[in-house]
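Visitor: Based on what follows, work out the 3D shape:
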Amino acid sequence: METLTSVISVTYHTGPVLDKLIASVLASTVPVELVLVNNGNPPEIEAKLKALADSTPQMKFITGHGNVGFAKGCNLGAKAAKGNFLLFLNPDSMLPPDGVEKLYAEEAKLKPPFMLGARLLDGNGKDQRGCRRALLTPKTAFIEALHLYKFFPKIRLNLHEEPLPETTVPMPAISGAFMFLSTKSFWNINGFNEKHFLHVEDLDFCYRFRQSGGEIYFVPSLVVTHIGGTSSTTNEFLEKQKARGFIRYFHENFNHEYPQPILWALDLAILARMCVKIGIPKLMKKLGFAK
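Guide: The predicted model follows:
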């Protein structure tokens, strides 16, 4: 059986950069299929994508379900995928032509179950925070939220400022913008947790993947451009989803490790952060300092 990777991308008002994603995936040096999940694009864009998929054998277009959230959208794409491997790739990313080929070279060295992440660079060529992460725990969350990492420099959530490793290395967690693993490994833990509508589903997946005995690796030699922030979603909506996601993540995964008062205190900190993130931009706009 020929090895095939299904590249799954969930799109919601992604914009023109989506064309670049499609072109980059279809230019792969090894066989791939592109599974686009339409979580809500303008009708004219939806029609254009459907026509393209109908004329492109390597492409599938899943639509008609409305905006069901990122996690459920990824699961819908995985259910339709034919590949023995899955690559979850954000729709505002550009995959190098030999990207999947490099993943195969790394995969051949590893014992399953494993998951691979790439080096993600933004439009300015800077390393993005999420591609190298520690495991998110209540402890790391408190230290990050209160900026206590000045006193605990070895306890950081995002590790993108650490020296870039020369070779592929184990990594506690990676970004949902780029995740490569076998289809079998994905479904062994029932895919993404669909209770997460947007944000934190990748950290939750990494946590459950490691709990099930899987290992996660960061591949520094595979560089992917991830523009980020192209979807037309309000700041208030994003911050509310982040808060809900973090609270759900901690209560579902650490309920038996931490006393409830600790988790409740963390809930309050998360909600306070949400209020600040939403309130300050609104205040600045009201005072005329922002558009």
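Visitor: Which SSE is immediately downstream of the worst-scoring helix or strand of the chain on mean pLDDT?
Guide: When the helices and strands of the chain are scored by mean pLDDT, DSSP states H and E, helix 138-145 comes last with a mean of 84. The first helix or strand that comes after helix 138-145 along the chain, using DSSP states H and E, is strand 169-170.
Visitor: What lies in contact with that next one?
Guide: Strand 169-170 has contacts (Cβ atoms under 8 Å, 6 or more residues apart in numbering) with 215-218, 220. Every residue, glycine included, has its C-beta placed from N, CA and C.
Visitor: Give the pairing partners of it; include direction for each.
Guide: Pairing partners of strand 169-170, with direction, according to DSSP bridges: strand 215-226 (antiparallel).
Visitor: got the buried residues for the partner strand?
Guide: Counting neighbours by 16 or more other Cβ atoms under 10 Å, one finds that the buried residues in strand 215-226 are 216-220, 222, 224-226.
Visitor: quick one on the thing from earlier: any idea how far the least confident helix or strand of the chain is from the chain center?
Guide: Distance of helix 138-145 from the chain centroid (Cα atoms, centre = their mean, to the nearest Å) equals 20 Å.
Visitor: got the CA positions of it in PDB?
Guide: Output in PDB follows, covering the C-alpha atoms of helix 138-145 (Å, rounded to 0.1, in the frame of the first residue of the first chain):
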ATOM      1  CA  PRO A 138      -1.900  24.700  36.600                       C
ATOM      2  CA  LYS A 139       1.600  25.400  37.700                       C
ATOM      3  CA  THR A 140       2.900  26.600  34.400                       C
ATOM      4  CA  ALA A 141      -0.300  28.600  33.900                       C
ATOM      5  CA  PHE A 142       0.000  30.500  37.100                       C
ATOM      6  CA  ILE A 143       3.700  31.300  36.400                       C
ATOM      7  CA  GLU A 144       2.900  32.500  32.900                       C
ATOM      8  CA  ALA A 145      -0.100  34.500  34.000                       C
END
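Visitor: residues making contact with it?
Guide: 134, 148-149, 152, 155-157, 246, 250, 254, 258, 262-263, 266, 269-270, 273.
Visitor: 10 Å - rerun?
Guide: Helix 138-145 is touched from outside by 133-134, 136-137, 148-152, 155-158, 172, 246, 249-250, 253-254, 257-258, 262-263, 265-266, 269-270, 272-273, with contacts defined as Cβ atoms under 10 Å, 6 or more residues apart in numbering.
Visitor: Now list the buried members of the residues you listed.
Guide: Buried by 16+ other Cβ under 10 Å: 133-134, 136-137, 156-158, 172, 246, 249-250, 253-254, 258, 263, 266, 269-270, out of these.
Visitor: Give me the spatial nearest neighbour of the residue sitting nearest the centre point of the chain, chain neighbours excluded.
Guide: The residue lying closest to the centre of the chain (Cα atoms, centre = their mean) is residue 176, at 1.6 Å. Spatial nearest neighbour of residue 176, chain neighbours left out: residue 202 (2.9 Å); criterion: Cβ to Cβ, 6 or more residues apart in numbering.
Visitor: contacting residues for that neighbour?
Guide: Applying Cβ under 10 Å, 6+ apart, the residues contacting residue 202 are 70-71, 74, 88, 117, 130, 133, 173-179, 192, 196, 245.
Visitor: what is the orientation angle of the lengthiest helix in the chain with helix 138-145?
Guide: Longest helix in the chain, counting residues (DSSP state H): helix 260-286. Relative orientation of helix 260-286 versus helix 138-145 (axes from the mean of the first three to the mean of the last three Cα atoms, to 10 degrees): 30 degrees.
Visitor: Helix 260-286: how far from the chain's middle?
Guide: Using Cα atoms, centre = their mean, the offset of helix 260-286 from its chain centre is 23 Å.
Visitor: where in the stretch 151-291 of the chain is pLDDT low?
Guide: 229-233, 283, 289-291 (pLDDT under 70).
Visitor: What are the buried residues along stretch 79-93?
Guide: 81, 83, 85-93.
Visitor: To clarify, my last question referred to stretch 47-63.
Guide: Buried, per 16+ other Cβ under 10 Å, within stretch 47-63: 49, 52-53, 59-63.
Visitor: got it, and stretch 103-116?
Guide: Going by neighbour count (16+ other Cβ under 10 Å), the buried part of stretch 103-116 is 103, 106-107, 113-116.
Visitor: same for whichever helix or strand residue 181 is part of, what does it pack against?
Guide: Here residue 181, judged by DSSP H and E, is contained in strand 178-182. In terms of contacts (3 or more Cβ pairs under 10 Å, 6 or more residues apart in numbering; DSSP states H and E), strand 178-182 is packed against strand 5-11, strand 85-89, helix 99-107, strand 114-121, helix 183-188, helix 201-211, strand 215-226.
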